[in-house]
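1. one predicted model, sequence on top.
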Amino acid sequence: MSASIVTGPAQPGDRVPVEVAVGVLVQRDASGQEAAFLLTSRPEGKVYAGYWEFPGGKLEAGETVHQALRRELQEELGITIGQSHPWQQLVMDYPHARVRLHFHKVFDWTGEFEMRERQSMAWETLPVVSHPVLPGTIPVLQWFAAERSFVGPTHRD
Ligand SMILES: Nc1nc2c([nH]c(=O)n2[C@@H]2O[C@H](COP(=O)(O)OP(=O)(O)OP(=O)(O)O)[C@@H](O)[C@H]2O)c(=O)[nH]1
């Protein structure tokens with residue numbers, strides 16, 4: 001399976017990207033600094049099953065990214081998010097789809113985590129130990145590395 005990051009403007013003949021809301025849940029440490037972030041594994045039966053990613057899913061008609069995120073995290077993890085903060089966007093081209101990923105950071109949520117799709121979850125810091133990570137997760141780890149002045153491999157190959 002090959003996947004690539006799309007850079008530059010759309011070209012004639014390109015597939016129209018599917019819009020995807022992705023939640024980057026971040027804990028803060030005692031001094032208020034951003035600390036661990038949540039990764040979840042893709043459930044059995046989906047493409048890239050078992051790969052680690054940030055929780056989220058496709059926007060439904062008429063939804064904003066925030067609304068989609070709130071719905072998806074309720075459905076998948078059983079939590080209710082408060083505000084979400086737009087952070088980064090990325091277009092990825094997979095054999096199965098072209099997706100535009102809208103990453104929002106989330107610092108506030110309520111409820112207990114329930115793995116409603118029998119996925120796994122892990123609170124991670126850099127370098128990430130969960131393995132393997134989804135291709136679309138790797139740029140996010142690089143953004144975290146830049147924000148945190150982290151040097152070295154962000155994950156295992
Ligand atoms: N949720 C999520 N999807 C990601 C990430 N990175 C990434 O490339 N993707 C891609 O974005 C798409 C999201 O689809 P999904 O299968 O998670 O969404 P969904 O729950 O709405 O799918 P469904 O149609 O099976 O119900 C997949 O093609 C997935 O490979 C990520 O960090 N989180």
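-> It's in.
2. average pLDDT for the top helix by length along the chain?
-> Selection of the longest helix in the chain by residue count, based on DSSP state H, yields helix 65-77. Average pLDDT, helix 65-77: 98.
3. kindly report the same for stretch 129-137.
-> Across stretch 129-137, pLDDT averages out at 98.
4. then the longest helix of the chain to PDB, C-alphas only?
-> Taking Å, rounded to 0.1, in the frame of the first residue of the first chain, the C-alpha atoms of helix 65-77 are listed here in PDB:
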ATOM      1  CA  VAL A  65     -15.300  20.000  11.300                       C
ATOM      2  CA  HIS A  66     -16.100  20.600  14.900                       C
ATOM      3  CA  GLN A  67     -19.600  19.000  14.700                       C
ATOM      4  CA  ALA A  68     -18.100  16.000  12.900                       C
ATOM      5  CA  LEU A  69     -15.400  15.600  15.600                       C
ATOM      6  CA  ARG A  70     -17.900  15.900  18.400                       C
ATOM      7  CA  ARG A  71     -20.100  13.200  16.800                       C
ATOM      8  CA  GLU A  72     -17.200  10.900  15.900                       C
ATOM      9  CA  LEU A  73     -15.500  11.100  19.300                       C
ATOM     10  CA  GLN A  74     -18.900  10.400  21.000                       C
ATOM     11  CA  GLU A  75     -19.500   7.400  18.700                       C
ATOM     12  CA  GLU A  76     -16.000   5.900  18.800                       C
ATOM     13  CA  LEU A  77     -14.800   6.800  22.300                       C
END
